[in-house]
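Enquirer: My questions concern the predicted model and sequence given below.
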Amino acid sequence: MKTTLSRLALGCAAAALTTTAVQAQDKTLTISVYSFAQDEYKEALYDPFEEICGCDVIVETGNSVERMAKIEANAASPVIDMAVISTQDALALARKDLLAPIDSTRLSNFDKLYDSAKDPNGDGMAVGYTYYASSIVYRSDLVEIESWGDLLSDELAGEVALPNITGTQGPLTLMMLAEALGETGGYGPVISTIGEHSDDIVTFYSRSSELVQLMNQQEVIAAPVGKFAWGSFKEAALPFAWANPKEGQAGGMNVMIMTKDNGNEELAYQFMDYWLSTEVQTKVAEMQVDSPANKEVVVSDEIAENLTYGADVIDNLNIMPAADVLDQREAWVEQWNTEVIQ
Amino acid sequence: MFRNTREGLALALPAAIFSTLLFLVPVGILLSEAFRFEGGWSLQGYIDFFATPLNRTVFLRTLKLGALVAGTAAVIGYAAAFCIVNLEPKSRGTVFGMIVLPLMISPVARTYAWIVILGRTGIVNETITGLGLSDTPLRLLFTETAVFLGLLQLFLPLMIISLVSAMENIPRDVIPAARVLGASWLAVFFKVILPLTKEGLVIGGTLVFTGSLTAYITPAILGGSKVLMLETLLYQRVNVSNDFVSASVIAMILIVMSFSANLLLKKIASARS
């Protein structure tokens, strides 16, 4: 009898252990991220995190519209636990009540972030994980750029590409052109001015990869672009330079968000905290994938040159409030389509 | 062939179910969006679309470029097809193969080739500046001309193939007979060749026109955002604005334009005969 009981107890213990092991393997975190540099993220972030948490990280990629649509379509039963998106997309989702507030006390690395990354939208629904500066890339052998206003100068007529208003860089360019042109009454007059120069603009690009090609083929010699694309220009045979206009650089940030009632908050916080850690942010920065939002990250001068890096740079970025973009984008696009594209 | 109609229907059933469930139903749902407005059925989406000046410009540009490409392809296609059908059988196969060859190359590659050709440092501009016709390179990319050339190069083989097939069916002695009876080449074309190849023209014209309307890569690369066409506008509506109603309206307009072109060409062809 004793033997039978012992065997039974042993069997139960074994079953319990097996169940625990299976449960650990069954833990999954589904994240929605931008498509680029997934090999680097896998090496620096996903694989190490899976080892730490004993879980599986399911990565979903796509463009912002697709990813936001998926979050919205599954609002009742979220299939995405956390996502990384732009500040304006985060605000759009927050306004639709699709996000959970970020509890900063559950992020041990929160205090290491630059102040502007801690609550970029001021609603407690997002936390910044990377910055990007935006300035003008130009052919240093052909032209000198000292101001954002130079983009509309006679000297550069027929030599410039501008970002389309529908992308991230478009509104930033409007903001800096307004600064250069001394416009203080909104961006409507700036769009009108671009419209007057429309024939002098070679094209309005949508993706930075398009611009890299245009500049390498010498179709244009100057254009605004995000610093994240600078690496592609540095490797080119032509002499490209990164402008430091007198109005300064524009800038933006991508943020982490967590979907409302996803039921996987603990793992999501663990993952977000790991991503914000000095270790991961340094690795990702050294791979030149993302510029760090963690102010403790230290990289070499060579790496820093390709990133939006350091307090001096980040504190001086002209960052457009997400609400401005979200509230006015439709009017901008309409005016743009009427006065610039048409 | 079949012992009863049930056998035939049974064989067709899997394909019918597949097409209905995975094509017709989703497309129907998508297109029905174009008639939905504030919970009811309405044409408001179309009224809103055509009320916008940019949309009207894009619609007319798409129609114009589609017609221009189809018309030019027909002119070039007739000349090419006439030459091909009069070649020796061995040479005919070689030439025909060369015409079909571009269809086996990705449209992306073919379109990117135009960037190299039409760019500021491309062969066209180097020739122009080399001959002293212009001091500075001309702006050829991101113009309607660039989109027209790209679309023509993309779809011309379809027109030639259609017309070659049609011309091969013309009896060999018909054209010499017309000539012997004193018809000029122009009269031979309009009174003999055109009526006898109208089916090929309708098929080729529909393929080229529809292809030009629905091409995305070529207008996107060679026209950019300055030469928007309906297809690139549709992409913008979905991927930038997340405006599926407007995108459905554009999709419906494209379908109507394609069917209308086919009907119009058939009507023109039947009127001639």
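Expert: Yep, it's here. All of these numbers come straight from a predicted model, not from anything done at the bench.

Enquirer: use CA for all of it now, contacts and neighbours both
Expert: Will do.

Enquirer: partners of A:Val57 in the sheet?
Expert: A:Leu29 (DSSP bridges).

Enquirer: Follow the chain on from the lowest-mean-pLDDT helix or strand in chain B and name the next helix or strand.
Expert: Least confident helix or strand, chain B: strand B:36-37 with a mean of 78, by mean pLDDT, DSSP states H and E. Remark: after strand B:36-37, the chain's next helix or strand is strand B:40-41, criterion DSSP states H and E.

Enquirer: tell me what the helix or strand following that next one is packed against?
Expert: Using DSSP H and E, the helix or strand that follows strand B:40-41 in sequence is helix B:44-51. Applying 3 or more CA pairs under 8 Å, 6 or more residues apart in numbering or on different chains; DSSP states H and E, we find helix B:44-51 packed against strand B:36-37, helix B:53-85, helix B:244-272.

Enquirer: Tell me which of these lies nearest to chain A.
Expert: When the helices and strands packed on helix B:44-51 are compared by CA to the nearest CA, helix B:53-85 sits nearest chain A, at 5.9 Å.

Enquirer: Run through the residues that contact residue 166.
Expert: Just so you know, I chose chain A. A:Ser206, A:Arg329, A:Val333, B:Val240 (CA atoms under 8 Å, 6 or more residues apart in numbering or on different chains).

Enquirer: was after chain B, sorry
Expert: B:Leu196, B:Thr197, B:Lys198, B:Glu199, B:Gly200.

Enquirer: isn't B:Leu265 right up against B:Gly205?
Expert: Yes: counting by CA atoms under 8 Å, B:Gly205 is a contact partner of B:Leu265 at 7.5 Å.

Enquirer: Comparing the two, which shows the higher neighbour count?
Expert: B:Gly205 (29 against 19; other CA atoms under 10 Å in any protein chain shown).

Enquirer: Give me the nearest residue to that one, chain neighbours excluded.
Expert: Nearest residue to B:Gly205, sequence neighbours excluded (CA to CA, 6 or more residues apart in numbering or on different chains): B:Ala70, at 5.7 Å.

Enquirer: Same question for B:Pro219.
Expert: Closest to B:Pro219 by CA to CA, 6+ apart is B:Val147, at 5.5 Å.

Enquirer: doesn't the one you found fall inside a strand?
Expert: No: under DSSP: H, G, I helix; E, B strand; the rest coil, B:Val147 falls outside any strand and is assigned helix.

Enquirer: By neighbour count, which bits of stretch A:192-200 are buried? Give me those.
Expert: Using 16 or more other CA atoms under 10 Å in any protein chain shown as the test for burial, stretch A:192-200 gives A:Ser192, A:Thr193, A:Ile194, A:Gly195, A:His197, A:Ser198, A:Asp200.

Enquirer: Now go through the residues you listed and say which are in strands.
Expert: Judged by DSSP state E, the subset of these located in strands is empty.

Enquirer: So which of the residues you listed is the closest to chain B?
Expert: A:Ser198 (9.1 Å).

Enquirer: Walk me through the domains of chain B.
Expert: B:1-42, B:52-272 (automatic domain parsing).

Enquirer: Let's have those in TSV, adding distance to A:Gly122.
Expert: Output for these, formatted as TSV (distance: least, CA to CA, whole Å):
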stretch	distance to A:Gly122
domain B:1-42	33
domain B:52-272	25
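
Enquirer: for the ones you listed, which one ends up most surrounded?
Expert: Mean neighbour count (mean count of other CA atoms under 10 Å in any protein chain shown) peaks for domain B:52-272 among the domains of chain B, with a mean of 18.
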